[in-house]
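K.L.:
Test case, fold it:
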Amino acid sequence: MTIEVSDLRVLLEIVAAGGFRQAARRMELQPSTLSRRIRSIEDRVGVSLFERRRDGLRLTNAGRELHEHAIAIIRDVDFALDAAGQAGSGARGALRIGLVDSFASNAVRDILDTFRSGHPDVRISFVEASRSRLIRHLRDRQLDLIYLAGKSEELTFSSLVSHSEQALIAMPTGHRLAPHAVVDWAQVIEETILLSVDEPSPEILAVVLQAVSVGGQQPAIARQMVGREALMMMVALGLGVTIVSEAGSGVSYPGVVYRAIGGSQTLIPFAAVWDDGNDNPALRRYLSLSRAMMRPA
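P.N.:
Numbers count the residues shown, from 1 in each chain. Next up, the predicted model:
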């Protein structure tokens, strides 16, 4: 089974525009052309991608699944083409950095701001993706450096702890612990802790298990194959709580509140991770600055 990347772009455009006619105007094509492209995908996968209703189009379950993966595929293709273009032109003044969802560290922002001031000739680009995808991009040299939660000692890359952040618990607004400004780990033992399959890192998961476990009792960990947005929706629905860093709490979600976790083991370390065989001069200058400016973990 083969599907053209251009057909996936058509799918994304139709969903973004809200219909075939709107997408056709934006792409300067005929609606019938887009219909044929979508039909070709449906013929290959053997299912319908859209429900055609009076009030417009709606993705089917299969359509939603394909749409979610198509976003990641197109992002990877575009990024690979851009990386190939830079390599082909011999560009050296570029730094490609990968971040996990909702990463907004003040410490890293200070380093980037200082680096940009001192190296205005270096073009900095960012990719936001899951932990596993960032590691793959780093391994394939599509990224120069990534920031991950944890010291990343399980990876075969070089790493440098850049800073640590307060661990917070995200819970529904009506949760029994919501009235407390600070929550102890022991109070979380009876909660279901929702965690993404990609974040936090294995090390952070071990810290959570060690900190929350009381008297040999283990908390209920529910790993979810969803991103941050869906995870917070589950929290708002009362399906469990989750652990986030202080930077992650900068994004607000309806029905969700954040509370500090008291006691020991409340800090989550963040590390810059890179391939030591990468000879990008911009990366070397950035690492030198990071070492000079890094805050003790």
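K.L.:
remind me which residues of the protein are low pLDDT?
P.N.:
Regions of the chain meeting the criterion pLDDT under 70 cover residues 1, 83-92, 101-104, 150-155, 198-207, 210, 212-216, 263-266, 295-297.
K.L.:
can you pull out the helices in it?
P.N.:
Counting by DSSP state H, the chain has helices at residues 5-17, 20-27, 31-45, 61-89, 106-118, 131-139, 202-212, 228-236, 281-293.
K.L.:
Would you mark the buried spots in the last one?
P.N.:
Read that as helix 281-293. Along helix 281-293, the positions that meet the burial threshold by neighbour count (16 or more other C-beta atoms under 10 Å) are 282, 283, 286, 287, 289, 290. Placement of C-beta: from N, CA and C, glycine included.
K.L.:
could I get those as CSV with distance to residue 269?
P.N.:
As requested, the buried residues of helix 281-293 are exported to CSV (distance: C-beta to C-beta, whole Å):
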residue, distance to residue 269
282, 25
283, 21
286, 19
287, 17
289, 19
290, 14
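K.L.:
Next, give me the two most distant ones among those.
P.N.:
With distances taken as C-beta to C-beta, the most widely separated pair in the buried residues of helix 281-293 is 282 and 290, at 12.4 Å.
K.L.:
tell me what the longest strand anywhere in the chain is packed against?
P.N.:
Scanning the chain for the strand with the most residues, using DSSP state E, yields strand 158-172. On a contact count with 3 or more C-beta pairs under 8 Å, 6 or more residues apart in numbering; DSSP states H and E, strand 158-172 meets helix 106-118, helix 228-236, strand 242-245, strand 256-262, strand 267-274, helix 281-293.
K.L.:
Can you give the distance of that strand from its chain's centre?
P.N.:
Between the centre of strand 158-172 and the centre of its host chain there is 14 Å, according to C-alpha atoms, centre = their mean, to the nearest Å.
K.L.:
Please apply the same query to stretch 283-297.
P.N.:
Here the centre of mass of C-alpha atoms in stretch 283-297, compared against the chain's by C-alpha atoms, centre = their mean, lies 23 Å away.
K.L.:
okay if I get the helices and strands packed on strand 158-172 as CSV plus distance to residue 221?
P.N.:
Listed next are those as CSV, based on distance: least, C-beta to C-beta, whole Å:
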stretch, distance to residue 221
helix 106-118, 28
helix 228-236, 13
strand 242-245, 10
strand 256-262, 16
strand 267-274, 16
helix 281-293, 33
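K.L.:
Which one of the ones you listed lies nearest to residue 208?
P.N.:
Ranking the helices and strands packed on strand 158-172 by distance to residue 208, with C-beta to C-beta as the measure, places strand 242-245 first at 5.8 Å.
K.L.:
and the closest one, what other elements does it pack with?
P.N.:
With contacts defined as 3+ C-beta pairs under 8 Å, 6+ apart, strand 242-245 has these neighbours: strand 158-172, strand 192-196, helix 228-236.
K.L.:
With distance to residue 58 as new columns, can these be given to me in a markdown table?
P.N.:
Output for these, formatted as a markdown table (distance: least, C-beta to C-beta, whole Å):
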| stretch | distance to residue 58 |
| --- | --- |
| strand 158-172 | 29 |
| strand 192-196 | 27 |
| helix 228-236 | 19 |
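K.L.:
Out of those, the one nearest residue 59 is which?
P.N.:
Of all the helices and strands packed on strand 242-245, the one in closest proximity to residue 59, counting by C-beta to C-beta, is helix 228-236 (15.6 Å).
K.L.:
Now do the closest one against strand 158-172, angle only.
P.N.:
Using axes from the mean of the first three to the mean of the last three C-alpha atoms, to 10 degrees, the direction of helix 228-236 lies 40 degrees away from that of strand 158-172.
K.L.:
tell me which residues in helix 228-236 are buried?
P.N.:
Within helix 228-236, the residues scored as buried using 16+ other C-beta under 10 Å are 228, 231, 232, 234, 235, 236.
K.L.:
So which elements touch it?
P.N.:
Applying 3+ C-beta pairs under 8 Å, 6+ apart, we find helix 228-236 packed against strand 158-172, strand 192-196, strand 220-224, strand 242-245, strand 256-262.
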